[in-house]
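# Any chance you can model this:
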Amino acid sequence: MKNQIVNLLSQNIEVLTSEEISQLIEIPPKPEMGDFAFPCFRLAKSYHKAPPMIAQDLKESIGDQTFLSEIKVVGGYLNFYVDKAQYAQQIIDKYNNATDYGCSDQGKDKTICIDYSSPNVAKNFHVGHLRTTIIGNSLYKIFSKLGYKVVRINHLGDWGTQFGKLIVAYKKWGSREAVEEKGIEELMDIYVKFHEEAEKDDSLNDEARAWFLKMEQGDEEALEIWQWFRDISLKEFMRVYNILGMEFDSFAGESFYRDKTADVIKRLTDDGLLKESQGAMIVPLDEYDMPPCIVAKKDGSSIYATRDLAAILYRKATYNFDRCLYVTGLEQKLHFAQVFKVIELMGNDYAKNLVHIPYGLVSLKSGKISSRKGNVIFAEDLLRESINKTTSIIEEKNPDIPDKEEVAKQVGIGAIIFNDLYNQRIKDVIFDWNKLLNFDGETGPYVQYTYARASSVLRKIGEVPDTIDYTLLTDEASIGLLKEIERYPQVIKDAAERYEPSVIARYSIDLAHAFNKFYHECQINVEDETTKYTRTNVVKIARYIIKDALSLLGIQCPEQM
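Residues are numbered from 1 along each chain as shown. As a prediction, this is how the structure comes out:
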């Protein structure tokens with residue numbers, strides 16, 4: 001109906017386009033003020049009239065409309081009151097029995113690469129990696145919903161000088177038996193040992209650089225040890241991804257590009273972009289107010305930026321992406337600004353389609369949970385802790401629920417994901433168990449419980465015929481819920497445009513609030529069948545959208561809670 005109002009105004013306002021009119025239309029803060037409002041202040045200069053007079057003229061020009069029950073002039077605003085029964089019919093006729101609500105073809109024939117998660121090999125998957133994984137997975141689902149082909153890339157941190165350090169540590173203080181038995185835990189132990197010893201003996205760092213250079217040069221022993229460490233790490237990472245229910249299209253990490261960095265350096269040289277600085281090779285970026293981008297160290301070995309440059313060139317050639325997104329911490333902002341600028345200086349127009357999507361830090365309000373190592377909070381520990389706490393709540397409140405373990409997993413993991421995505425990604429995330437596992441607050445469990453409530457209504461009523469009397473849906477609670485339902489497609493587009501899953505998370509809270517208001521104020525399972533089935537059809541649509549919205553965040557919905 002907003003589009004219909006835009007068309008009416010367009011016919012009577014020559015100085016604004018339909019798009020400009022649409023952007024100006026507001027939703028009044030209170031239902032009694034109407035459903036839509038058009039501010040006339042911007043027209044005052046063109047029409048040389050006061051805004052209230054312009055509003056009155058527009059009202060008279062528009063006249064009576066069948067889909068509007070009333071048009072009022074309020075100050076400089078023209079307020080529109082839609083015919084509630086017609087409005088309800090439009091929404092329900094469009095979305096009843098639909099399974100693709102919110103889908104779009106705006107991404108047809110377009111490809112987006114998303115680089116996210118990307119944990120470091122030989123180190124535990126910690127909560128910092130959990131953030132990029134959760135955000136990236138949600139963006140994958142959002143853009144897929146809009147019709148894009150999305151390539152999920154897990155750019156593993158599996159190359160670099162740290163592996164030279166790890167090989168030195170393994171040879172000096174490790175053993176195959178200990179690594180096979182303890183996995184990443186043992187690798188972390190000997191890595192910490194290396195740094196402790198290197199503070200006393202700097203020659204260890206020289207040994208580490210020598211071993212990494214051997215890796216770069218294809219030394220068989222160095223690569224065999226490195227591959228072993230990589231395989232052990234990936235096995236550990238997959239366990240976390242399985243808990244989260246996430247998959248990737250590519251695990252091509254930094255090591256994948258080790259034979260492609262020479263071509264990057266050659267192209268930079270041929271383009272006259274590469275300079276020598278204290279033995280290293282750099283691309284100066286002074287005129288862009290950035291430090292130089294180092295692409296080769298003194299010993300000739302590659303660096304993080306070199307491999308990222310190679311990755312961009314490879315991804316463009318392989319996937320021909322329309323956009324390539326990088327979901328990493330805010331601290332890497334400068335790094336990606338440098339890399340993207342170098343790609344641009346190499347003459348690639350698509351540099352403007354490289355996007356860094358930063359996020360804030362993560363912490364626990366109650367201090368560290370029982371993790372196995374120092375001050376590191378492991379992602380798997382956090383997820384299992386949430387599942388265990390949820391299990392305890394279920395045991396206390398609803399011990400006879402079917403599939404109790406699966407429900408605890410869906411709610412426990414959903415609570416972590418929702419807590420992460422509820423606020424804008426750039427903000428820091430705090431895990432507060434009392435808050436994130438609350439079934440009444442603005443949390444994942446609250447939205448999941450709303451879905452379970454809607455499912456319970458449908459189970460009790462059984463088969464729902466399309467018996468609908470739209471005049472029964474003109475009350476405030478029914479219209480409020482239908483308005484939230486109508487918003488969903490635009491919410492998805494807004495989330496994609498801003499790279500902000502929080503837009504979906506906050507919408508799901510608004511939808512749950514609107515549903516619960518409807519549930520409490522409009523009795524559903526009543527004797528009158530027309531009333532019962534009319535309201536149940538609204539429940540059916542709302543239930544579908546709650547589930548769909550949470551799925552875009554990577555959260556599952558239990559049928560019972």
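
# Could you point out the helix or strand that follows the helix or strand Asn434 falls within?
In the assignment (DSSP states H and E), Asn434 maps to helix 433-436. Using DSSP H and E, the helix or strand that directly follows helix 433-436 along the chain is helix 444-461.

# Only alpha carbons, please: show that following helix as PDB.
The C-alpha trace of helix 444-461 is given here as PDB (Å, rounded to 0.1, in the frame of the first residue of the first chain):
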ATOM      1  CA  GLY A 444      17.700 -15.900  20.600                       C
ATOM      2  CA  PRO A 445      15.900 -18.200  23.000                       C
ATOM      3  CA  TYR A 446      13.000 -15.700  23.200                       C
ATOM      4  CA  VAL A 447      12.600 -15.700  19.400                       C
ATOM      5  CA  GLN A 448      12.900 -19.500  19.200                       C
ATOM      6  CA  TYR A 449      10.300 -19.800  22.000                       C
ATOM      7  CA  THR A 450       8.000 -17.600  20.000                       C
ATOM      8  CA  TYR A 451       8.400 -19.900  17.000                       C
ATOM      9  CA  ALA A 452       7.700 -22.900  19.300                       C
ATOM     10  CA  ARG A 453       4.500 -21.200  20.600                       C
ATOM     11  CA  ALA A 454       3.300 -20.600  17.000                       C
ATOM     12  CA  SER A 455       4.100 -24.300  16.200                       C
ATOM     13  CA  SER A 456       2.000 -25.400  19.200                       C
ATOM     14  CA  VAL A 457      -1.000 -23.400  18.000                       C
ATOM     15  CA  LEU A 458      -0.800 -25.100  14.600                       C
ATOM     16  CA  ARG A 459      -0.500 -28.500  16.200                       C
ATOM     17  CA  LYS A 460      -3.500 -28.000  18.300                       C
ATOM     18  CA  ILE A 461      -5.700 -26.700  15.500                       C
END
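
# Distance from the chain centre to that helix, please.
Between the centre of helix 444-461 and the centre of its chain there are 24 Å (C-alpha atoms, centre = their mean, to the nearest Å).

# Against which helices or strands is it packed?
helix 404-421, helix 502-521, helix 529-553 (3 or more C-beta pairs under 8 Å, 6 or more residues apart in numbering; DSSP states H and E). Just so you know, the C-beta spots here come from the backbone N, C-alpha and C atoms, and that holds for glycine as well.

# got JSON lines for the ones you listed, with mean neighbour count and distance to Glu442 too?
Converted to JSON lines, the helices and strands packed on helix 444-461 look like this (neighbours: other C-beta atoms under 10 Å; distance: least, C-beta to C-beta, whole Å):
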{"stretch": "helix 404-421", "mean neighbour count": "23", "distance to Glu442": "9"}
{"stretch": "helix 502-521", "mean neighbour count": "20", "distance to Glu442": "5"}
{"stretch": "helix 529-553", "mean neighbour count": "21", "distance to Glu442": "14"}
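
# Pipe these into TSV and attach mean pLDDT per row.
Shown next, in TSV, are these (pLDDT from 0 to 100):
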stretch	mean pLDDT
helix 404-421	96
helix 502-521	98
helix 529-553	97
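
# for those helices, which one sits closest to Asp202?
Asp202 lies closest, by C-beta to C-beta, to one member of the helices and strands packed on helix 444-461: helix 404-421, at 40.4 Å.

# could you point out which element follows the closest one?
Next along the chain after helix 404-421, taking DSSP H and E as the criterion, comes strand 429-431.

# avg pLDDT for that next one?
Across strand 429-431, the average pLDDT comes to 81.

# now swap in stretch 294-310 and tell me
Averaging pLDDT along stretch 294-310 yields 88.

# Can you tell me what sits against it?
Stretch 294-310 is contacted from outside by 159-161, 209, 212-213, 216, 254, 257-258, 260-261, 263-265, 268, 274, 278-283, 293, 335-336, 338-339, 342-343, using C-beta atoms under 8 Å, 6 or more residues apart in numbering.

# That one: which residues count as buried?
Buried residues in stretch 294-310, counted by 16 or more other C-beta atoms under 10 Å: 294-297, 301-310.

# so of these, which ones are in strands?
Cross-referencing the buried residues of stretch 294-310 against strands under DSSP state E gives Ile294, Val295, Ala296.

# Include distance to Gly480 when you put those residues into CSV, please.
Output for these, formatted as CSV (distance: C-beta to C-beta, whole Å):
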residue, distance to Gly480
Ile294, 57
Val295, 57
Ala296, 61
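
# follow-up on the earlier one: for Pro358, state which of the buried residues of stretch 294-310 is nearest.
Asp308 (15.4 Å).

# What is the burial count for Glu14?
The number of residues packed near Glu14 is 7, by other C-beta atoms under 10 Å.

# er, Lys94 actually
Neighbour tally, Lys94, other C-beta under 10 Å: 12.

# got it, and Ile62?
By other C-beta under 10 Å, 17 other residues sit near Ile62.

# now swap in Phe378 and tell me
Look at Phe378: counted by other C-beta under 10 Å, it has 22 neighbours.

# So what sits opposite it in the bridge?
Residues in a beta bridge with Phe378, per DSSP bridges, are His126.

# mind listing what the nearest residue to Thr99 once chain neighbours are set aside touches?
Closest residue to Thr99 in three dimensions, ignoring its sequence neighbours and counting by C-beta to C-beta, 6 or more residues apart in numbering: Tyr544, at 7.7 Å. Shown in contact with Tyr544 (C-beta under 8 Å, 6+ apart): Ala98, Thr99, Tyr101.

# same check, this time on Asp189
When contacts are counted by C-beta under 8 Å, 6+ apart, Asp189 is found next to Lys182.

# Just say helix, strand or coil for it.
Here Asp189 is recorded as helix under DSSP: H, G, I helix; E, B strand; the rest coil.

# how close does it get to Tyr470?
Applying C-beta to C-beta, to the nearest Å, the value for Asp189 to Tyr470 is 68 Å.

# picking up where we left off before, from Ser455, how far off is the residue nearest to Thr99?
Using C-beta to C-beta, Tyr544 is found at 11 Å from Ser455.

# re the thing from before, is it possible to get TSV of the buried residues of stretch 294-310 that adds distance to Lys123?
Putting those into TSV (distance: C-beta to C-beta, whole Å) gives the following:
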residue	distance to Lys123
Ile294	23
Val295	25
Ala296	25
Lys297	22
Ser301	21
Ser302	20
Ile303	19
Tyr304	15
Ala305	21
Thr306	21
Arg307	18
Asp308	19
Leu309	24
Ala310	23
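
# and the closest residue in space to Gln106 that isn't next to it in sequence, how many neighbours?
Leaving out its chain neighbours, the residue that sits closest to Gln106 by C-beta to C-beta, 6+ apart is Leu146, at 5.2 Å. Number of residues near Leu146 (other C-beta under 10 Å) recorded here: 22.

# quick revisit: who's in contact with the helix holding Asn434?
By C-beta under 8 Å, 6+ apart, the surrounding residues in contact with helix 433-436 are Ser366, Ser386, Lys389, Ala415, Ile416, Phe418, Asn419, Gly441, Thr443, Gly444.

# List the buried residues for it?
Trp433, Leu436.

# For that helix, what is the distance to the chain centroid?
Distance, centroid of helix 433-436 to centroid of chain: 21 Å (C-alpha atoms, centre = their mean).

# what do you get for stretch 462-479?
Per C-alpha atoms, centre = their mean, the centroid offset for stretch 462-479 relative to its chain is 34 Å.

# and that stretch, which residues are buried?
Along stretch 462-479, these residues count as buried under the neighbour rule (16+ other C-beta under 10 Å): Val464, Ile468, Tyr470, Leu472, Leu473, Ala477, Ser478, Ile479.

# what about dumping the CA coordinates of it to CSV?
Extracted C-alpha coordinates of stretch 462-479, given in CSV (Å, rounded to 0.1, in the frame of the first residue of the first chain):
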residue,chain,number,x,y,z
GLY,A,462,-4.5,-29.2,12.8
GLU,A,463,-5.2,-28.6,9.2
VAL,A,464,-5.8,-25.0,8.4
PRO,A,465,-8.2,-24.2,5.5
ASP,A,466,-7.9,-20.9,3.7
THR,A,467,-11.1,-19.6,5.4
ILE,A,468,-10.4,-15.9,6.0
ASP,A,469,-12.5,-12.9,6.9
TYR,A,470,-10.3,-9.9,6.5
THR,A,471,-12.6,-7.7,8.6
LEU,A,472,-11.5,-9.8,11.6
LEU,A,473,-8.0,-8.5,11.2
THR,A,474,-8.5,-4.8,11.6
ASP,A,475,-7.5,-4.6,15.3
GLU,A,476,-4.2,-3.0,16.4
ALA,A,477,-2.5,-6.3,17.3
SER,A,478,-3.4,-8.0,14.0
ILE,A,479,-2.4,-5.0,11.9
